[in-house]
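Asker: With the input below, show me the fold.
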Amino acid sequence: MSSILALDQGTTGSTALLIHQEGAVLGRGYREFTQSFPQPGWVEHDPEEIFRVSIEALRKALASSQERPAALGMTNQRETIVLWDRRTLSPVAPAIVWQDRRTAERCRELREAGLEPMLRARTGLIADPYFSATKLEWLLQDPGIRRRA
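Answerer: Residues are numbered from 1 along each chain as shown. Below you'll find the model as predicted:
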């Protein structure tokens, strides 16, 4: 028998499914994790907690079956950003979630400077705090984070 272990690492939790090649769900695991709102418009996650609950969800999905998956498929939040310490491989700051609006002012500055057409031509995206580039810029303004990342 062949199966795939699938992990959907979402905004509020991680879901794991062990799926048989014919589509039957052989095992399921789900774990929530904490969202933090340290300031109005800010949304953060603890990257270590995301990793831990994802492993827990995967283990729970596997525990209900003797099946060994042939592959792992994974999807994640995509526009949430985490920077890792280059030496320790630990996160250097909380994850800034796709919903976070802390860079809204920076995006407005980019638009007012006339840079949005260039951004769109190069990336296909608009200047919006949903996307990760201004979140990365915001994080790297901190010299300690810049040095470690």
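Asker: After the longest helix that the chain contains, which helix or strand is next?
Answerer: Longest helix in the chain by number of residues (criterion: DSSP state H): helix 47-63. Per DSSP states H and E, the first helix or strand lying C-terminal to helix 47-63 is strand 71-75.
Asker: ok, that following strand: who's next to it in the sheet?
Answerer: Partners of strand 71-75 in the sheet, by DSSP bridges, are strand 3-9 (parallel).
Asker: and after the partner strand, which helix or strand comes next?
Answerer: From strand 3-9, the next helix or strand downstream (DSSP H and E) is strand 13-20.
Asker: if we can go back for a sec, name the helices or strands packed onto the longest helix of the chain?
Answerer: Judged by 3 or more C-beta pairs under 8 Å, 6 or more residues apart in numbering; DSSP states H and E, the packing partners of helix 47-63 are strand 3-9, strand 13-20, strand 25-32. For the C-beta atoms, the positions are set from N, CA and C on the backbone; glycine is no exception.
Asker: Any buried residues in that helix, and which?
Answerer: Neighbour counts using 16 or more other C-beta atoms under 10 Å place P47, I50, V53, S54, E56, A57, L58, K60, A61, L62 of helix 47-63 among the buried residues.
Asker: now do stretch 29-38
Answerer: Applying 16+ other C-beta under 10 Å to stretch 29-38 flags G29, Y30, R31, F33 as buried.
Asker: quick one: contacts for the second one?
Answerer: Pointing back at Y30 there. Contact analysis of Y30 by C-beta atoms under 8 Å, 6 or more residues apart in numbering lists G13, S14, T15, A16, A57, K60.
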